[in-house]
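> Got a predicted structure here, sequence first:
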Amino acid sequence: MFAFLIINTNILNWVAESPYHILRKIFREAHLETFSAKQDGNGYPDPMRVPIVIHKDKNTDYGVTVPDLPGCFSAGDTFDDALINAVEAIECHIEGLLIENEPVPTALTIEHHRKKRRYSAGVWALVEVDVSKLSGKAKRVNITLPERLLSQIDSFASKTGETRSGLLAHAAMEYVSGQSKK
């Protein structure tokens, strides 16, 4: 099952330029929620939502670019095919990164990418990719943390609807990804 969210760039431009700051705040909060990594009850990540931009020139297929995964492209005869093929291309790309022990980049916001000129004529969409089937089984580990830190982790996980394991896994992935970019 695939889930897609299509965003018209004209609407994004209106919201970004709107004097009604409350609309902008609501959009940003909803957008940030889209990219927050959550875990199911077993510590497996929920599907990752990845922004893509779809473009079409006259007499061509629909082309797909994945801004957060350099070198990851796809296409399709129809708009729907382009969306489905994009998910497959992203899965393949992430699987290659995992096999090579490379960090998986964190998805940035559509708002971040749409400012770039090369994406201005495209239509934005979010595709869901189930990374749990790519990253293998969860493995139990034993770690030692200060009690106070553990309490803070549990409190934050509870507030955000995550599990302790899920929160720690997400934090570790973000840290490793961030350190790899330096």
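Great, that's in hand.
> what packs against the longest helix along the chain?
Longest helix in the chain, counting residues (DSSP state H): helix 79-99. Identification of packing neighbours for helix 79-99 by 3 or more Cβ pairs under 8 Å, 6 or more residues apart in numbering; DSSP states H and E yields strand 48-55, strand 62-65, strand 73-76, strand 123-129. Where C-beta positions appear, they are placed from N, C-alpha and C, glycine not excepted.
> Let's see that helix as PDB, backbone CA atoms only.
Extracted in PDB, the C-alpha atoms of helix 79-99 (Å, rounded to 0.1, in the frame of the first residue of the first chain):
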ATOM      1  CA  PHE A  79       1.900  10.400 -12.800                       C
ATOM      2  CA  ASP A  80       0.800   7.400 -10.700                       C
ATOM      3  CA  ASP A  81       3.600   5.200 -12.200                       C
ATOM      4  CA  ALA A  82       6.100   7.900 -11.300                       C
ATOM      5  CA  LEU A  83       5.000   7.800  -7.700                       C
ATOM      6  CA  ILE A  84       5.100   4.000  -7.500                       C
ATOM      7  CA  ASN A  85       8.500   3.900  -9.200                       C
ATOM      8  CA  ALA A  86       9.900   6.600  -7.000                       C
ATOM      9  CA  VAL A  87       9.200   4.400  -3.900                       C
ATOM     10  CA  GLU A  88      11.000   1.500  -5.500                       C
ATOM     11  CA  ALA A  89      14.000   3.700  -6.500                       C
ATOM     12  CA  ILE A  90      14.200   5.200  -2.900                       C
ATOM     13  CA  GLU A  91      14.100   1.700  -1.400                       C
ATOM     14  CA  CYS A  92      16.800   0.500  -3.700                       C
ATOM     15  CA  HIS A  93      19.000   3.500  -3.000                       C
ATOM     16  CA  ILE A  94      18.600   3.300   0.800                       C
ATOM     17  CA  GLU A  95      19.300  -0.500   0.600                       C
ATOM     18  CA  GLY A  96      22.500   0.300  -1.200                       C
ATOM     19  CA  LEU A  97      23.500   2.800   1.400                       C
ATOM     20  CA  LEU A  98      22.800   0.200   4.200                       C
ATOM     21  CA  ILE A  99      24.800  -2.500   2.400                       C
END
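> quick one on the thing from earlier: can you redo the helices and strands packed on helix 79-99 as JSON lines with mean pLDDT, mean neighbour count and distance to residue 98?
Converted to JSON lines, the helices and strands packed on helix 79-99 look like this (pLDDT from 0 to 100; neighbours: other Cβ atoms under 10 Å; distance: least, Cβ to Cβ, whole Å):
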{"stretch": "strand 48-55", "mean pLDDT": "91", "mean neighbour count": "22", "distance to residue 98": "13"}
{"stretch": "strand 62-65", "mean pLDDT": "95", "mean neighbour count": "20", "distance to residue 98": "21"}
{"stretch": "strand 73-76", "mean pLDDT": "94", "mean neighbour count": "19", "distance to residue 98": "19"}
{"stretch": "strand 123-129", "mean pLDDT": "91", "mean neighbour count": "20", "distance to residue 98": "12"}
